[in-house]
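Peer 1: Provided below are the primary sequence and the corresponding predicted coordinates.
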Amino acid sequence: MTTTGILDYESDAIVKLMNIPADDWGEQELKDALQRAIMLELSTIPPYATALWSIIDQDDSKPVRHTIREIVFDEMSHFGLVCNMLTSIGGTVVLKDPLTVPKYPGELPGGVNPGLEVFLSGLSRESAALFADIEKPENPLAFAADGNTIGAFYQRIANVFPNFAHLLTGQNQVTFPLGSQHGAGNNIVAMNTITDVLNAIHVIQTQGEGTTASPDNPFPGAPGELAHYYAFKEIAVGKKLVQDPATGKFEFTGPDVPLPDAAQVARVPAGGWVNDPANTPDPATATVLHDFNTAYSDMLRSLEAAWAGDGNKLFDAIGHMSDLGDFARQLNAIKLPADPHHTYGPEWLFIP
């Protein structure tokens with residue numbers, strides 16, 4: 001049984017996969033699931049990075065900026081780990097197909113968290129609430145959740161993967177030592193055994209969701225670092241998460257979490273700023289937007305090449321990511337013609 005539309009970002013392919021009983025998954029279902037997981041990890045980076053780059057003070061030690069920056073690096077390592085899972089069982093990482101690239105505004109790929117519209121904008125309480133919704137666990141410690149979650153999808157992959165452990169070859173693996181700067185568990189390591197795979201899935205799940213007993217990230221860059229869901233929720237609510245010593249319940253009732261000053265980056269319209277007649281970019285702005293989109297597209301091409309056997313292309317991708325931040329900050333300084341209280345932001349459009 002093979003799913004259809006697996007590369008279509010806007011399809012409900014994950015819902016279809018989850019509706020297939022675990023015992024009926026074959027090799028193709030597992031490969032399809034891993035490609036979708038790669039697309040999921042990739043989809044979180046543009047909104048998180050857009051918010052990060054909108055923060056005016058670039059001191060990475062400042063609390064909120066540090067939190068978001070570490071989460072972006074976590075997502076990068078998650079992306080790399082899943083790419084290694086797919087190539088190790090003979091699959092091919094697809095990134096530069098126009099079908100696979102993220103679409104904003106829009107839902108997460110594959111039908112995860114149905115009804116949740118993911119948008120690109122500067123940092124605000126609203127965007128932080130969106131990020132928390134993206135990362136929400138099946139059973140948050142602070143309050144109830146509903147809907148299909150990323151964590152549940154990864155759990156299905158973890159349940160099924162041991163049936164195909166014999167497929168692991170260790171081919172086309174890309175490794176990178178992110179852990180020394182960003183915490184235990186953040187190294188992109190090779191997937192040579194089923195233990196490697198299950199350990200990696202555990203890192204991905206718990207960094208995003210915490211555990212059923214604690215909201216802490218068990219693989220932190222610094223002691224006391226919260227899992228992504230709770231870290232974003234603190235920023236959205238504006239209060240630290242604290243545990244009531246009497247009841248043991250976790251609530252967002254602690255000290256204030258002030259928002260840092262940020263560029264008022266407006267929500268990017270579907271298909272880019274050219275589709276907003278009131279704010280059509282002038283030639284100079286259009287050039288910066290094009291430069292950003294070109295660097296983004298080249299980054300995807302470099303990443304796909306890295307997992308196709310040319311591991312050195314990872315360094316090209318890292319260079320392109322650095323360029324993206326520079327171009328984004330240039331855009332954040334350009335006011336919208338029809339709304340000077342807000343600025344342009346990066347479109348994250350793929351150029352084939």
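Peer 2: Everything's here; your move.
Peer 1: in the top helix by length along the chain, what's buried?
Peer 2: Looking across the chain with DSSP state H, the single longest helix is helix 27-54. For helix 27-54, the neighbour count (16 or more other Cβ atoms under 10 Å) marks 29-54 as buried. All C-beta spots, glycine's among them, are computed from the backbone N, C-alpha and C.
Peer 1: Same question for stretch 299-316.
Peer 2: For stretch 299-316, burial by neighbour count (16+ other Cβ under 10 Å) applies to Met299, Leu300, Arg301, Ser302, Leu303, Glu304, Ala305, Ala306, Trp307, Lys313, Leu314, Asp316.
Peer 1: What of stretch 151-164?
Peer 2: By neighbour count with 16+ other Cβ under 10 Å, stretch 151-164 contains the buried residues Gly151, Phe153, Tyr154, Arg156, Ile157, Ala158, Val160, Phe161, Phe164.
Peer 1: Can you lay out the buried residues of stretch 299-316 as CSV showing secondary structure, distance to Asp133 and pLDDT?
Peer 2: Shown next, in CSV, are the buried residues of stretch 299-316 (DSSP: H, G, I helix; E, B strand; the rest coil; distance: Cβ to Cβ, whole Å; pLDDT from 0 to 100):
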residue, secondary structure, distance to Asp133, pLDDT
Met299, helix, 26, 98
Leu300, helix, 25, 98
Arg301, helix, 31, 98
Ser302, helix, 30, 98
Leu303, helix, 26, 98
Glu304, helix, 29, 98
Ala305, helix, 33, 98
Ala306, helix, 31, 98
Trp307, coil, 29, 98
Lys313, helix, 33, 97
Leu314, helix, 31, 96
Asp316, helix, 33, 97
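Peer 1: ok, those residues vs Glu107, which is closest?
Peer 2: Using Cβ to Cβ, Leu300 comes nearest to Glu107 of the buried residues of stretch 299-316, at 20.4 Å.
Peer 1: Which residue, other than its chain neighbours, is closest to Ala333?
Peer 2: In space, Ala333 comes closest to Thr343 once its chain neighbours are excluded; the distance is 6.8 Å by Cβ to Cβ, 6 or more residues apart in numbering.
Peer 1: From Gln243, how far out is that neighbour?
Peer 2: According to Cβ to Cβ, to the nearest Å, Thr343 and Gln243 sit 39 Å apart.
Peer 1: For those two, work out which one has more neighbours and name it.
Peer 2: Counted by other Cβ atoms under 10 Å, Thr343 and Gln243 do not tie: Thr343 has more neighbours, with 18 against 14.
Peer 1: Correct me if wrong: the more buried one contacts Val268.
Peer 2: No - counting by Cβ atoms under 8 Å, Thr343 sits too far from Val268 to count as a contact (10.9 Å).
Peer 1: What are the neighbouring residues in contact with Ala328?
Peer 2: Neighbour list for Ala328: Ala49, Thr50, Trp53, Ser54, Phe292, Gly345, Pro346 [criterion: Cβ atoms under 8 Å, 6 or more residues apart in numbering].
Peer 1: And what about it, helix, strand or coil?
Peer 2: At Ala328 the chain is in helix, as set by DSSP: H, G, I helix; E, B strand; the rest coil.
Peer 1: just to revisit the earlier point, so in terms of bridging, what pairs with the residue nearest to Ala333?
Peer 2: Val265, Lys335 (DSSP bridges).
Peer 1: Now do it, the pLDDT please.
Peer 2: Thr343 carries a pLDDT value of 98.
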